[in-house]
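Visitor: Compute the structure for the input listed below.
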Amino acid sequence: MTPFFSKDKDDWFLPEDQRAELGKFLQQLTGEVILEVFTKTGMNDPYTEFTTRFLHDLERLNDRIKVVTRHDDPEAAEKFQVSRFPTILVNPEQYRIRFTGAPAGEEGQAFLLTIILVSAGESRMSPGSRQALAKLTEKRTIRVFTNPGCPYCPGQATNGIRAAIERPELISMECIETGENQDYAEEYEVGSVPHTVYNDALNTLGLEPEEVFMTQLVTLEQARETVEAQEPGVEQTDVVIIGGGPAGLTAGIYARRAGLSAVVLEKSVIGGQVAVTPVVENYPGFKSIGGLKLVEMVREQAEQYVPVHEGEGVGEIRLGKMVEVITNRAIYLARAVIYTAGATWKQLGVPGEQRFYGRGVSYCASCDGYLYKDKEILVVGGGNTALTDALHLKNLGAEVTIVHRRDTFRAEQHLVDSVLREEIPVLYNTVITEISGEKEVESVALMDVNDGTIREQPVKGVFLAIGVRPNAELLTQLGARTDAAGHVEVDAGFRTSLPRIYAAGDVTGGVQQIVTAVSEGATVAMTVFEDLMKKG
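Guide: Numbering: from 1, shown residues only. The predicted model follows:
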C-alpha cells in the first residue's frame, strides 16, 4: 500500500468546492471504472502523492470508481509493462489506456473524460472518425506528450483515448506528462506539445481534428489534406460564425437569444490566444483568472445556445443568394456570416525560425514552458504578451532574457514593474538575425540595431511574442476592404464592405482586448438580427 494515502474520512486532498464540482461531473458514470495506479518508492514522490490522493478522492466521490494501488509491485509492473512512476492504467483488462505521470495540469481534463467514456464503454467519436478507424487492421501504439499548462494537449490526448476505446483489440494509448518524464520526451525529440507519435512511424505537432487523427492512425501518413478533400454534407442556418474566440462565442450567445439559428466554427482550439494566456488580470469580475479557465466558462455558456465545432476549418466563402461557407466537414448555407477569426502570431522571418519550430522555437509559453526549466531561453518582444510570457517562464524555473528591438517597453506599467522586480535581464535595441543548431536550437545571432554589431549567444529556446497579424485572408479574397495593417474595415455595426458579411474582434483591429472582443461579439450579433429582420 502506498504511504501517501490515508483512510481518514476527513483527510480529503481536494478542496470542498472542487469535490462538489467533481461529484456532479462523476454522476455521468454508468459502469465500473478500475484505476490501477503504479508507484515506486523514491520515484517522483511529489507527483505520486498527488496522484494517489487525487484518485482516492475520486473513489470516495463515486462508488463506481475502484482504485487499485500497485506500490513497489514488480510482478504487476512486469505484467502491464510499467516502468515509469506514477502510471495510471484505466480498466487495464479491457483497454490499453495509460497516463504516464500525474494528471495534475490541463491533461487532467482528458483523464476525467476517459473515466466517463470508459464507464459508458463508448468512444463517442464522430461517424466520420468511426468510419475512418474501421479500416484499421493492424495494431497501433499512440503516444501523446503533454505539459500541464498546454490548452491544446487535452484535445489531442482525447483523440487517442477515443481511438483506444473504439478499437481496444488493436490500439494502445499513452498520455505522457513530459515534466516528470524528460528522458522519455528527449528520446522522441519533443520540443513542443502536444507532440503525437503514431506507432513510432509518424510524428505530428499540435491539436488535430478528430477525423484527421484517425486517418493518420490508420495510414501512418499526414492526412489533413486528404480528409479536407472529402465530399461534405449540406446544412442550412441563419448565421455562420467563423472563429471560436471570445468575440465568436459571445456572438453565438446573442444571435441565438435573438432567435437566430447559428453555428460557431473554429479550425483550431476554442478560445484562440486567450486559451494560451497564462493569467488574465484585466477582465471585469475577475481579479485574476487563467486564460483557459475563462475560455472554458464562456464556451460552456455558449454551448447552451449554439453548436460549437472545434477543428472545423473554413476553406472558402462564396457569395450568392445564400452565403456558402465551405469547411472540411460541411457546406453551410447561411443568411449571414460573422467573421471573428482573430489574429495569428507574427514571425521573425529569420533563418532557422521555421526549421526549429517545435525544436526550441515556440510561440506559446503556456504550451511549451515546462520543457525549458533550468534552461537558458530568450523571449522576443516588448509588449504585454512578451512580458507576461517572460514572467511565466521565469516562474517555471527557466533562465529568461528578454530581447527587444526598441529602447523602451510598450507593455503596461505593472508588467514592466514586475519584470524589474524579478530582475529579468533585458537586451534593448537588439534583434535576432539567425537561429542556429543541429537537431534543436543551440544559439542565436544577436544584432545591436544602433551599431550593427553581431554576436552569438548560446540558448536552448526562443519564445516569440512580437505581435499578431489579422487572419483576414478569407475576406480579402472576396474583396473586403482592409486598412494598412490588414485589419478588416467595419462600420459602427461591424458590417464589412461585403454584403451579409460582418466582422468583429481582433481581425478588425482596435485595442484588441478580451473585454472589447466580447462587447463587439454582442454588438455584431444584434446588428445581424436587425438587418435580417428588415429584409424579412
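Visitor: now the helices for the stretch 51-200 of the chain?
Guide: In the stretch 51-200 of the chain, the segments counted as helices under DSSP state H, counting those that start in this stretch are 74-79, 107-120, 127-133, 153-166, 182-187.
Visitor: Show me what the second one is packed against.
Guide: This points to helix 107-120. Helix 107-120 sits against helix 16-25, strand 33-39, strand 87-90, strand 97-100, helix 153-166, strand 171-177, with contacts defined as 3 or more Cβ pairs under 8 Å, 6 or more residues apart in numbering; DSSP states H and E. All C-beta spots, glycine's among them, are computed from the backbone N, C-alpha and C.
Visitor: do you know which of those lies nearest Leu207?
Guide: Closest approach to Leu207 among the helices and strands packed on helix 107-120 (Cβ to Cβ): helix 153-166, 4.8 Å.
Visitor: as a whole number, average confidence for the closest one?
Guide: Average pLDDT, helix 153-166: 95.
Visitor: Equivalent analysis for stretch 112-122, please.
Guide: On average, stretch 112-122 scores 96.
Visitor: what's next to that stretch, contact-wise?
Guide: Residues from elsewhere that reach stretch 112-122 (Cβ atoms under 8 Å, 6 or more residues apart in numbering): 22, 25-26, 28-33, 35, 58, 64-65, 90-91, 94-95, 97, 99, 123-124, 154, 158, 161-162, 165.
Visitor: do the same with stretch 93-104
Guide: Under the criterion Cβ under 8 Å, 6+ apart, residues 34, 44, 47-48, 50-51, 54, 82, 84, 86-91, 107, 110-111, 114, 118, 148, 161, 164-165, 168, 171-181, 184 lie in contact with stretch 93-104.
Visitor: neighbours of the residue lying closest to Val488 once chain neighbours are set aside, just the number please.
Guide: Closest residue in space to Val488, ignoring its immediate chain neighbours: Ala503 at 4.5 Å, by Cβ to Cβ, 6 or more residues apart in numbering. Under the neighbour criterion other Cβ atoms under 10 Å, Ala503 is assigned a count of 28.
Visitor: try the one 5 residues further on
Guide: If you count neighbours by other Cβ under 10 Å, Thr508 ends up with 27.
Visitor: list the contacts for it?
Guide: Thr508 sits next to 470, 487-490, 494, 520 when contact means Cβ under 8 Å, 6+ apart.
Visitor: need the next SSE after the helix or strand of the chain with the lowest mean pLDDT, C-terminal direction.
Guide: Within the chain, judged by mean pLDDT, DSSP states H and E, the helix or strand with the poorest mean is helix 224-228; its value is a mean of 61. The helix or strand immediately downstream of helix 224-228 is strand 233-242, counting by DSSP states H and E.
Visitor: For the contacts of Thr508, please prepare a markdown table with the additional fields neighbour count, secondary structure and distance to Glu399.
Guide: Formatted as a markdown table, these follow (neighbours: other Cβ atoms under 10 Å; DSSP: H, G, I helix; E, B strand; the rest coil; distance: Cβ to Cβ, whole Å):
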| residue | neighbour count | secondary structure | distance to Glu399 |
| --- | --- | --- | --- |
| Pro470 | 24 | strand | 34 |
| His487 | 19 | coil | 37 |
| Val488 | 27 | strand | 41 |
| Glu489 | 14 | coil | 44 |
| Val490 | 24 | coil | 44 |
| Phe494 | 25 | coil | 45 |
| Glu520 | 23 | helix | 40 |
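Visitor: Got phi/psi on Ala503?
Guide: phi -150, psi 150 (degrees, to the nearest 10).
Visitor: ok, now which ones touch it?
Guide: So Ala503 contacts 338-340, 475, 480, 488, 490, 494, 496, 524 (Cβ under 8 Å, 6+ apart).
Visitor: Leu387: which of those residues is nearest?
Guide: Among the contacts of Ala503, and counting by Cβ to Cβ, the member closest to Leu387 is Thr340, at 26.4 Å.
Visitor: okay, now the closest one: neighbour count?
Guide: 33.
Visitor: My read is that it contacts Val507, right?
Guide: Yes - using Cβ atoms under 8 Å, Thr340 is in contact with Val507, at 6.7 Å.
Visitor: who touches both of the two?
Guide: Joint contacts of Thr340 and Val507 (Cβ under 8 Å, 6+ apart) are Gly243.
Visitor: can you pull the contacts of Ser366?
Guide: Residues counted as contacts of Ser366 (Cβ under 8 Å, 6+ apart) are 149-151, 276-278, 291-292, 392.
Visitor: out of everything not next to it in sequence, what's closest to the residue most central in space within the chain?
Guide: Per Cα atoms, centre = their mean, the C-alpha nearest to the average position across the chain is that of Tyr152, at 2.1 Å. Nearest residue to Tyr152 in three dimensions, chain neighbours excluded: Leu207, at 4.0 Å (Cβ to Cβ, 6+ apart).
Visitor: Which of the helices or strands spans the one you found?
Guide: Going by DSSP H and E, Leu207 is not in any helix or strand.
Visitor: List the contacts of it.
Guide: Shown in contact with Leu207 (Cβ under 8 Å, 6+ apart): 152-153, 155-156, 194, 268-269, 311.
Visitor: Can I get those in JSON lines including distance to Ala134?
Guide: Listed next are those as JSON lines, based on distance: Cβ to Cβ, whole Å:
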{"residue": "Tyr152", "distance to Ala134": "27"}
{"residue": "Cys153", "distance to Ala134": "27"}
{"residue": "Gly155", "distance to Ala134": "22"}
{"residue": "Gln156", "distance to Ala134": "21"}
{"residue": "Pro194", "distance to Ala134": "25"}
{"residue": "Ser268", "distance to Ala134": "27"}
{"residue": "Val269", "distance to Ala134": "27"}
{"residue": "Gly311", "distance to Ala134": "20"}
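Visitor: Out of those, which is nearest to Asp17?
Guide: Nearest to Asp17 among those is Cys153, at 24.6 Å by Cβ to Cβ.
Visitor: returning to that earlier point: could you check how far the residue nearest to the centre of the chain is from Val144?
Guide: Distance of Tyr152 to Val144, given as Cβ to Cβ, to the nearest Å: 10 Å.
Visitor: repeat for Asp73
Guide: Separation of Asp73 from Val144 (Cβ to Cβ) stands at 26 Å.
Visitor: Can you pull the domain assignment for this structure?
Guide: Domains of the chain are assigned by automatic domain parsing as 16-228, 233-343+469-535, 361-466.
Visitor: Those into CSV, with extra columns for distance to Glu353?
Guide: Formatted as CSV, the domains of the chain follow (distance: least, Cβ to Cβ, whole Å):
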stretch, distance to Glu353
domain 16-228, 13
domain 233-343+469-535, 15
domain 361-466, 6
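Visitor: residues contacting the residue nearest to the centre of the chain?
Guide: Contacts of Tyr152 (Cβ under 8 Å, 6+ apart): 193-194, 206-207, 268-269, 367.
Visitor: So which of those residues belong to strands?
Guide: Using DSSP state E, no member of these falls within strands.
Visitor: The residues you listed into CSV, with extra columns for distance to Tyr357 and pLDDT?
Guide: Formatted as CSV, those follow (distance: Cβ to Cβ, whole Å; pLDDT from 0 to 100):
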residue, distance to Tyr357, pLDDT
Val193, 13, 94
Pro194, 14, 95
Gly206, 10, 89
Leu207, 15, 86
Ser268, 16, 82
Val269, 17, 79
Cys367, 12, 86
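Visitor: Compare the residues you listed and tell me which is most surrounded.
Guide: Neighbour max across the contacts of Tyr152 (other Cβ under 10 Å) = Val193, 29 neighbours.
Visitor: quick one: it and Pro151 touch, right?
Guide: No - taking contacts as Cβ under 8 Å, Val193 lies outside contact range of Pro151: 10.4 Å.
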